[in-house]
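In: the sequence isn't on hand, but the structure is:
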């Protein structure tokens with residue numbers, strides 16, 4: 001008969017009946033009753049009232065019944081700590097039971113009961129189990145030490161369990177060794193400074209011996225531990241590699257990747273001249289290829305890891321191109337990953353094969369995949385020079401298909417090919433111009449405009465083509481507007497007489513009619529260049545462009561080395577170090593590859609050097625789209641040169657008729673109309689003269705040690721509501737630590753003791769990081785001040801309002817409840833300063849409906865004071881500008897849960913009202929961020 005009957009609903013008075021059954025003399029009846037209790041507990045009923053009756057059932061020889069009682073105990077011990085102590089004697093007894101299964105069960109349950117009061121009673125049984133004769137008990141006890149360390153680290157250290165755990169690494173049973181390593185690794189992660197896993201050649205030898213005999217997960221723990229060891233020389237590294245290599249043929253992909261990680265790390269120390277180095281390279285390829293025959297999800301993880309391996313050592317898989325060819329039934333995420341690796345492995349030897357494949361992919365039905373395939377053809381042209389001509393003709397064939405998105409992608413990559421091979425393939429421009437009307441994507445339009453501007457002297461009707469784009473100038477995206485402005489200025493410098501009106505029209509559109517700061521600033525710079533020194537304008541705008549390199553998205557070398565140390569983990573799938581996505585500092589240690597030994601400093605092999613780039617040099621990277629915009633935010637603006645001559649020249653410049661004599665001398669005519677003086681901000685002349693230094697006047701964004709604004713303490717729980725206990729408090733953030741500063745006053749007639757505090761689930765996971773420490777009993781009329789450290793790793797539940805915190809405080813009299821609102825700025829983290837380029841991209845990326853505007857009134861501070869005051873509360877000024885007399889502060893902040901908030905603060909000197917615009921992907925936060933601004937600025 002199945003156990004489903006226990007889950008059917010029963011009559012009223014259920015608890016009473018179960019109580020009677022639990023105390024029955026008949027063993028079978030007892031067992032049935034315990035099963036019913038567990039069933040009720042499983043479906044969420046509260047059966048904690050039966051705690052003493054269930055605990056009485058522990059005194060039994062029946063293993064099944066004992067397991068059920070232990071399961072009940074684990075669930076309710078936390079809510080009934082005083083009752084749980086009743087079970088301690090049974091644990092102690094069970095730890096000496098002749099049956100090893102019962103001993104192990106007792107020690108496992110002890111580790112799962114997270115109650116402080118009980119932990120000290122469990123030390124003696126645990127000590128015995130760590131030295132038990134049965135390996136099953138020892139391996140269970142090893143894991144229990146890690147669990148106990150999580151509850152009470154000090155106790156574990158004082159009792160000497162860590163030393164016992166280290167001794168278990170030398171145990172004769174491989175599973176005990178694996179669990180001891182796992183437990184020590186876990187403890188070491190939470191205490192990075194402690195040198196728990198003190199590995200030496202002797203202990204490494206023991207781990208390698210155990211490696212062959214333990215379970216697959218045990219092997220993973222040992223391999224991960226080996227990966228953290230640095231051999232003393234290349235001979236030791238080779239010896240470890242030889243003993244780890246057999247793991248490559250394991251059936252579990254996690255074991256394979258952990259073995260690959262160890263080998264990739266230790267290969268750094270091997271000389272490339274060694275025969276063994278070549279053998280190891282050959283041995284690494286087959287297991288990686290085998291991973292690609294698994295199910296798609298595993299393939300994806302394998303491909304993300306292979307992507308890193310190919311960037312570090314392309315020679316491992318250089319002959320395995322065919323396995324990365326896309327299958328018709330691959331999911332899109334696998335296809336895109338394979339495509340990326342194909343391009344990384346493309347070389348002169350296999351380019352014909354690769355191009356044939358890519359051309360095939362470009363006729364697929366999946367739009368995203370086709371786009372990526374067309375881009376891949378362009379990347380191959382840039383990577384393998386010999387194939388450039390074939391790639392260009394393939395791209396032209398694709399343009400002839402007239403499929404809109406194919407044409408647009410082809411134009412984007414042809415632009416990059418022109419950059420890589422100037423004066424070689426320009427004959428195709430005519431074909432490109434035929435497709436002008438079909439372009440509707442910003443990137444393709446911008447690429448086409450760049451081509452027309454760059455090769456204007458070869459295109460007879462270049463002015464007409466650019467003029468056609470100018471008609472809808474204000475409807476274009478910023479990327480296209482910026483490209484159009486530059487292209488028309490290039491055209492003007494090449495054909496000044498014919499395009500005079502066109503350049504004036506675009507400059508006027510960019511400066512007078514646009515509210516985009518980047519576009520305006522670029523317009524003014526060109527305007528000023530053209531009007532003061534046309535020769536310099538030519539040198540700047542028509543300067544020789546640096547060639548672009550073959551790799552478009554190489555991971556930066558130091559980051560790549562760190563990610564190689566994390567092969568087989570989430571970091572290798574995200575391609576980000578753990579510190580970028582793991583909340584809080586716990587467990588995040590920066591790893592790096594071991595340094596090369598003296599014997600291994602040989603020259604790079606020709607395969608590893610990128611084609612066309614000299615060995616050892618890092619190839620330049622094709623600028624991303626943001627860089628192609630040539631954003632003003634990217635300029636390295638030098639400090640103003642000191643000295644009186646500059647001051648006078650900047651004044652004269654301010655008075656120059658902006659497009660006056662300078663352009664007339666260039667085109668030989670006096671009829672070039674200057675713009676009205678009002679269109680130029682008053683400070684532009686000065687800023688141009690001072691190296692543009694105040695275009696973005698930036699302050700350094702390091703969190704100051706003074707800490708953020710702290711509100712005065714308020715009464716949270718009045719004495720009349722808490723039987724004489726009055727609680728006042730406030731929240732503070734100092735150097736990255738949040739605390740709740742409490743003042744407890746005893747207004748009752750009796751002494752108060754046994755204080756404890758607990759938070760309900762809340763929007764940002766705020767929770768006490770330590771118990772509430774009131775060291776002495778609180779006498780009548782006595783007040784005590786306590787600072788309670790908080791963290792943000794508690795349970796999360798959205799509250800109304802968002803910053804509501806519900807608190808329970810217990811003492812010897814009763815439990816009291818209150819709620820309070822915490823100011824959001826205690827959650828603003830110290831690394832909340834966003835990079836300028838990133839700020840601009842994110843601002844554009846967040847939808848306009850997420851923007852909220854607020855007024856901050858009666859604030860007499862100037863921009864400098866505002867910026868510095870906000871910075872002390874971790875609101876960082878990314879950029880500062882002055883627009884028509886208004887100070888504009890562009891600011892960023894980041895919350896503890898990783899949400900970014902971007903702000904634009906407008907300050908009119910002399911006006912105490914500021915306008916604050918906030919943009920955030922979680923708009924419900926904006927109102928509270930505004931309140932934080934108000935609080936910080938007005939106090």
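Out: Received it, and whenever you're ready, just let me know what you need. Everything numeric in this text was worked out from a predicted model, so none of it was measured.
In: how about the strands of this protein, start to end?
Out: 714-717, 725-734, 737-746, 756-759, 767-768, 783-791, 804-810, 815-821, 851-856, 876-883, 886-894, 900-907, 914-920 (DSSP state E).
In: so which of those strands comes closest to residue 527?
Out: strand 876-883 (16.8 Å; Cβ to Cβ). The C-beta positions use only the backbone N, C-alpha and C, and glycine is treated the same way.
In: gap between residue 342 and residue 290?
Out: Distance, residue 342 to residue 290, by Cβ to Cβ, to the nearest Å: 19 Å.
In: how about residue 20?
Out: 61 Å.
In: neighbour count winner among the two?
Out: residue 290 (16 against 12; other Cβ atoms under 10 Å).
In: nearest residue to the more buried one in space, please, no chain neighbours.
Out: Leaving aside its chain neighbours, residue 290 sits nearest to residue 256 (7.8 Å; criterion: Cβ to Cβ, 6 or more residues apart in numbering).
In: the one you found and residue 284 touch, don't they?
Out: No: taking contacts as Cβ atoms under 8 Å, residue 256 lies outside contact range of residue 284: 10.2 Å.
In: quick check: neighbours shared by these two?
Out: residue 248 (Cβ atoms under 8 Å, 6 or more residues apart in numbering).
In: any idea how far residue 831 lies from residue 839?
Out: 14 Å.
In: between these two, point out the one with more neighbours.
Out: A side-by-side neighbour count of residue 831 and residue 839, using other Cβ under 10 Å, places residue 839 first with 19 against 13.
In: was I right about that one contacting residue 889?
Out: No: with contact defined as Cβ under 8 Å, residue 839 does not reach residue 889; the gap is 11.9 Å.
In: shared neighbours, the two?
Out: Joint contacts of residue 839 and residue 889 (Cβ under 8 Å, 6+ apart) are residue 879.
In: for the stretch 401-550 of the chain, give me the ranges with low pLDDT.
Out: Judged by pLDDT under 70, the stretch 401-550 of the chain has its weakly predicted residues at 549-550.
In: tell me the contacts of the closest residue to residue 171 other than its chain neighbours?
Out: Leaving aside its sequence neighbours, residue 171 sits nearest to residue 177 (Cβ to Cβ, 6+ apart; 5.4 Å). The contact partners of residue 177, taken as Cβ under 8 Å, 6+ apart, are 168, 169, 170, 171, 206, 207, 210, 214, 218, 222.
In: out of those, which end up buried?
Out: 168, 169, 171, 206, 207, 210, 214, 218, 222 (16 or more other Cβ atoms under 10 Å).
In: the second one and residue 209: what is the separation?
Out: Applying Cβ to Cβ, one obtains 11 Å for the distance of residue 169 from residue 209.
In: surely residue 199 meets residue 228?
Out: Yes: the pair residue 199 and residue 228 passes the contact test of Cβ under 8 Å, sitting 7.4 Å apart.
In: re the thing from before, dump the residue contacts of the residue nearest to residue 290.
Out: Applying Cβ under 8 Å, 6+ apart, the residues contacting residue 256 are 247, 248, 250, 287, 290, 291.
In: could I get the contacting residues of the first one?
Out: Going back to what we said before, that points to residue 247. Residue 247 sits in contact with 211, 219, 223, 255, 256, 258, 259, where contact means Cβ under 8 Å, 6+ apart.
In: likewise the third one?
Out: Shown in contact with residue 250 (Cβ under 8 Å, 6+ apart): 216, 219, 256, 259.
In: could you rerun that using 6 Å?
Out: Neighbour list for residue 250: residue 256 [criterion: Cβ atoms under 6 Å, 6 or more residues apart in numbering].
In: how about the second one?
Out: Applying Cβ under 6 Å, 6+ apart to residue 248 gives the contacts 256, 259, 287.
In: same thing but 8 Å
Out: With Cβ under 8 Å, 6+ apart, residue 248 has these contacts: 256, 259, 260, 263, 283, 284, 286, 287.
In: that one - nearest residue in space that isn't next to it in sequence?
Out: For residue 248, the spatially nearest residue (Cβ to Cβ, 6+ apart) is residue 287, at 4.2 Å.
In: follow-up on the earlier one: can I get the strands of the chain in a markdown table with mean neighbour count, mean pLDDT and distance to residue 55?
Out: Formatted as a markdown table, the strands of the chain follow (neighbours: other Cβ atoms under 10 Å; pLDDT from 0 to 100; distance: least, Cβ to Cβ, whole Å):
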| stretch | mean neighbour count | mean pLDDT | distance to residue 55 |
| --- | --- | --- | --- |
| strand 714-717 | 16 | 92 | 36 |
| strand 725-734 | 20 | 92 | 33 |
| strand 737-746 | 19 | 92 | 35 |
| strand 756-759 | 16 | 92 | 24 |
| strand 767-768 | 17 | 93 | 29 |
| strand 783-791 | 16 | 92 | 34 |
| strand 804-810 | 17 | 92 | 24 |
| strand 815-821 | 15 | 91 | 24 |
| strand 851-856 | 15 | 90 | 56 |
| strand 876-883 | 21 | 89 | 56 |
| strand 886-894 | 22 | 91 | 48 |
| strand 900-907 | 22 | 91 | 51 |
| strand 914-920 | 20 | 91 | 51 |
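In: sweet, I'm off.
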